[in-house]
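Q: 3D model of this:
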Amino acid sequence: MKNKKIIIIGVLSLFTVGNMNAQKKPYLDKNKTVEQRIDLLLPLMTLEEKVGQMNQYNGFWDVTGPAPKGGTAELKYEHLRKGLVGSMLTVRGVKEVRAVQKIAVEETRLGIPLIIGFDVIHGYKTLSPIPLAEAASWDLEAIKKSAAIAADEASASGINWTFGPNVDVANDARWGRVMEGAGEDPYLGSKIGYARVKGFQGETIADLAKVNTIAACAKHFAAYGYVEAGLEYNIVDISNSKLYNSVLPPFEAAVEAGVRTFMNSFNTLNGVPATGSAFLQRDILKGKWKFDG
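A: Predicted coordinates:
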């Protein structure tokens, strides 16, 4: 039953609700466990609302700055009010986040809060060296602290989720995203990926309930650093030896650290798009590694 719950398991505890709301909607009762609240909520959701929780919109809204009137912006408002949006990107700051959360919580049928995501790559307000430069230090405690500071600042701005760490092992210096990872060594990359996850999320899964932590995301699963000619969204054709010894170890380390989310890579792997690869998604991630995020 775990997989059915991942859509909303991270959001039900984001807001305090009064006893009156809890009486009208038992799934809002904070005296119940998260599992109990999810079990009460899911049967009330329509199929459209469940699909909507998997829908992610970019923050193209009046509340975050100039935006076209009508058209796409108005359609997004309509979708949000219908409970057809589960998470949003690039909505930052207490004022902006509160504005969209207010719609999600107060104007939708079920009042499920949004998950707010943002690329917190090497700091939020306080900037650290780029990840590749941090990796060159081999200072795991400093790297972990860097991620913790970023989480502290980002969470204060209303962000719940970052798209890091990038644990891709870089194979080609021409690849434009070399700076986001820890370089070409899978051992060092594994240690740094583990440290970053702990920095963002805290030492245990329970620490995600704290106000100063954010959910981490291991990316890009898998072999994105091995795209031919270093070109984005290109093909990857590598041996199992290379895959198991160079590509996968940092991702497995992220799972061991308790990372809550994974991001698929934007390439084919040996002829199969990573997003549709049962080998990657089911056999390795969900099967061998028992990832339940």
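Q: so for the helix or strand in which residue 194 is found, mean pLDDT?
A: Secondary structure assignment for residue 194, by DSSP states H and E: helix 186-201. Here helix 186-201 scores 98 as its mean pLDDT.
Q: ditto for stretch 214-224
A: 97.
Q: mind giving me the packing neighbours of the helix holding residue 194?
A: helix 131-135, helix 140-156, helix 249-256 (3 or more C-beta pairs under 8 Å, 6 or more residues apart in numbering; DSSP states H and E). Any C-beta I mention is one placed from the backbone N, CA and C, and that applies to glycine too.
Q: out of the ones you listed, which is the most enclosed?
A: helix 249-256 (a mean of 22; mean count of other C-beta atoms under 10 Å).
Q: and the angle for it with helix 186-201?
A: Put simply, helix 249-256 runs at 30 degrees to helix 186-201, going by axes from the mean of the first three to the mean of the last three C-alpha atoms, to 10 degrees.
Q: residues contacting helix 249-256, please?
A: Residues outside helix 249-256 that contact it (C-beta atoms under 8 Å, 6 or more residues apart in numbering): 165, 167-169, 182, 186-187, 189-194, 197, 216, 218, 221-222, 262, 285, 289-291.
Q: just the buried ones from those residues?
A: 165, 167-169, 182, 186, 189-194, 197, 216, 218, 221-222, 262, 285, 291 (16 or more other C-beta atoms under 10 Å).
Q: can I see the domain layout of this structure?
A: 3-118, 131-288 (automatic domain parsing).
Q: how about the residue most central in space within the chain, what does it touch?
A: Against the mean C-alpha coordinate of the chain, by C-alpha atoms, centre = their mean, the closest residue is residue 217 at 4.4 Å. Listed by C-beta under 8 Å, 6+ apart, the contact partners of residue 217 are 161-165, 259-263.
Q: okay, strands next: where are they in the stretch 51-200 of the chain?
A: In the stretch 51-200 of the chain, the strands defined using DSSP state E, counting those that start in this stretch lie at 56-58, 87-89, 115-118, 161-162.
Q: for the protein, what spans make up the helices?
A: 19-24, 34-41, 47-52, 71-81, 94-106, 131-135, 140-156, 186-201, 240-242, 249-256, 278 (DSSP state H).
Q: of those helices, which is nearest residue 212?
A: Nearest to residue 212, of all the helices of the chain, is helix 140-156, at 4.5 Å by C-beta to C-beta.
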